[in-house]
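In: pasting the sequence and the predicted model now:
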Amino acid sequence: MEITREAPAAAPGAPGYDLYELDAELWDGVLLDLFGNDDLGQSPLRRWAESTAPRVTRHQLVVARENGVVLGVALLELPQLDNRHIAFLSVAVRPEHRRRGVGGALFDEAAALAAEEGRHDLQAWTWDRLVEPGAGTISAAQGDGAIDPTSDGAAFLLSRGFTLAQVDLMSGLTLQAQAELEQLAAETRSAVTARYSLVQWRGDTPERWIEDAAALQVAMSTDIPTGTADLRPELVDPDRVRSEDRRRREGGLDELVTAVEHDGRLVAFTRVIHDPSRPEIADQWDTLVLGAHRGNGLGLLIKTASHATLRATWPRIRRLITGNASENSWMLAINRRLGYRPVAASGWFTRKDPGHGTE
Ligand SMILES: CC(C)(COP(=O)(O)OP(=O)(O)OC[C@H]1O[C@@H](n2cnc3c(N)ncnc32)[C@H](O)[C@@H]1OP(=O)(O)O)[C@@H](O)C(=O)NCCC(=O)NCCS
């Protein structure tokens, strides 16, 4: 077996793009095995597009080959503007080649590469079935989520010295009839004071809102629960918002943002991301209400307003998927009220190199 380091493909279809295709195929396979569908999957284009703003995040790949056949791939994501102590890692091996040391070899090389880059905090995710906390499961310090430590991903990461930092709960929603969504949005609107107004856009962030969108992104990185993971505030300026819009477009993704304006500034937002290659499903991503404006019904307002406009935006849409920290009871309660039901768990694992406990 040969282990090599490789740079990300320069363009879709260029040399190395097949590694993103394999990575997406293997992760879709994990989802199909666990849940019978790949609703939570990401297209190769979407994964690759994350590599196209190296000022923000650099990708490095580690590849295992035997007789010219790729057996598995590790992808390292190296943040460049902030969180420069972290390397985000994913390792995936073809099912027929598992349990013969391929994953371990990919991990060793990826960990060495991360250390050379000065990254001493490795962070990785797994997809997991929903399990009740109790004997035979593991939980993070906060939240009531649990993970089965014997699943492939968790067993592998635990064997490599990782610990569980957080359990995310993935929830799915089948969109109700349009009339019902509109009624819910109208009721929610009438319960919120008129000093707040709704703002919506599709695609790139309008220049009018770019500063506010940057501030909301920063708040997103400081205000949401991150378990015991050492995630530090993100540095987001208007240029980064523009470059993330461009990355999203290069990944073939569309976006609908629903926000709330108060005194000329945005104070809350929720983003829905849609991949036309999976036309029936969309991801409800970041949702945030700035601290000073919490308790005014804005979380429910933006979500109901967003749900009521989804069909007009993407006529084939039927389902939404979202993820929340299992300790984020406020957001989970809103989601449950909207009809979201838990479908999966995701374990967030971290490993700090000895000797670099706080860096
Ligand atoms: C996790 C994964 C990468 C492991 O790849 P692999 O080639 O089977 O890994 P290795 O053979 O090098 O195993 C390394 C160690 O992991 C542990 N391990 C891996 N799979 C395991 C399982 N199903 N049950 C128990 N332990 C397991 C063992 O300690 C193993 O050592 P051993 O084989 O000496 O017992 C592979 O199962 C996979 O691609 N899974 C889907 C993607 C994923 O979940 N990735 C991990 C999160 S980033």
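Out: That came in fine, so what should we check first?
In: residues contacting S326?
Out: A140, Q142, G143, D144, G145, Q166, V167, D168, L169, L332, A345 (C-beta atoms under 8 Å, 6 or more residues apart in numbering). The way it works is simple: take the backbone N, C-alpha and C, and place the C-beta from them, glycine included.
In: please, a PyMOL command that selects the buried ones among these?
Out: Here is the PyMOL command that picks out the buried ones among these, judged by 16 or more other C-beta atoms under 10 Å:
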select buried, resi 140+142+143+145+166+167+168+169+332+345
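In: quick one: which of the contacts of S326 sit in strands?
Out: Q166, V167, D168, L169, A345 (DSSP state E).
In: measure the fourth one to the ligand for me?
Out: If I follow you right, that is L169. 18 Å (C-beta to the nearest ligand atom, to the nearest Å).
In: that residue pairs with what?
Out: In this structure, L169 bridges to N324, A345 when assessed by DSSP bridges.
In: ok, it touching T322?
Out: No - when contacts are counted by C-beta atoms under 8 Å, L169 is not listed as touching T322 (9.1 Å).
In: end to end on stretch 143-152, go ahead and measure it.
Out: Length of stretch 143-152, first residue to last, C-alpha to C-alpha, to the nearest Å: 23 Å.
In: list the contacts of it.
Out: Residues from elsewhere that reach stretch 143-152, judged by C-beta under 8 Å, 6+ apart: 30, 98, 126, 128-129, 131-134, 136-139, 154-155, 158, 164, 166-169, 225, 227, 325-328, 345, 347.
In: domains for the chain, by residue range?
Out: Residue ranges for the domains of the chain, per automatic domain parsing: 2-171+347-352, 176-317.
In: can you redo these as JSON lines with mean pLDDT?
Out: Converted to JSON lines, the domains of the chain look like this (pLDDT from 0 to 100):
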{"stretch": "domain 2-171+347-352", "mean pLDDT": "95"}
{"stretch": "domain 176-317", "mean pLDDT": "94"}
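In: can I get the ones you listed in TSV with distance to R336?
Out: Converted to TSV, the domains of the chain look like this (distance: least, C-beta to C-beta, whole Å):
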stretch	distance to R336
domain 2-171+347-352	8
domain 176-317	12
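In: and which of the ones in strands among the contacts of S326 is nearest to the ligand?
Out: The closest of those to the ligand turns out to be A345 (C-beta to the nearest ligand atom; 12.8 Å).
In: around the ligand, pick out the residues from the stretch 1-150 of the chain.
Out: 26, 30, 90-93, 98-104, 124, 126, 150 (C-beta under 6 Å from any ligand atom).
In: which of those residues are buried, as a ChimeraX select command?
Out: Buried residues among these (16+ other C-beta under 10 Å), as a ChimeraX selection:
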select :26,30,90,91,92,93,102,103,124,126
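In: in helices, which of the residues of the stretch 1-150 of the chain next to the ligand fall?
Out: The helices, defined by DSSP state H, take in L26, V30, V102, G103, G104 from these.
In: farthest-separated two in these?
Out: V30 and G104 (17.9 Å; C-beta to C-beta).
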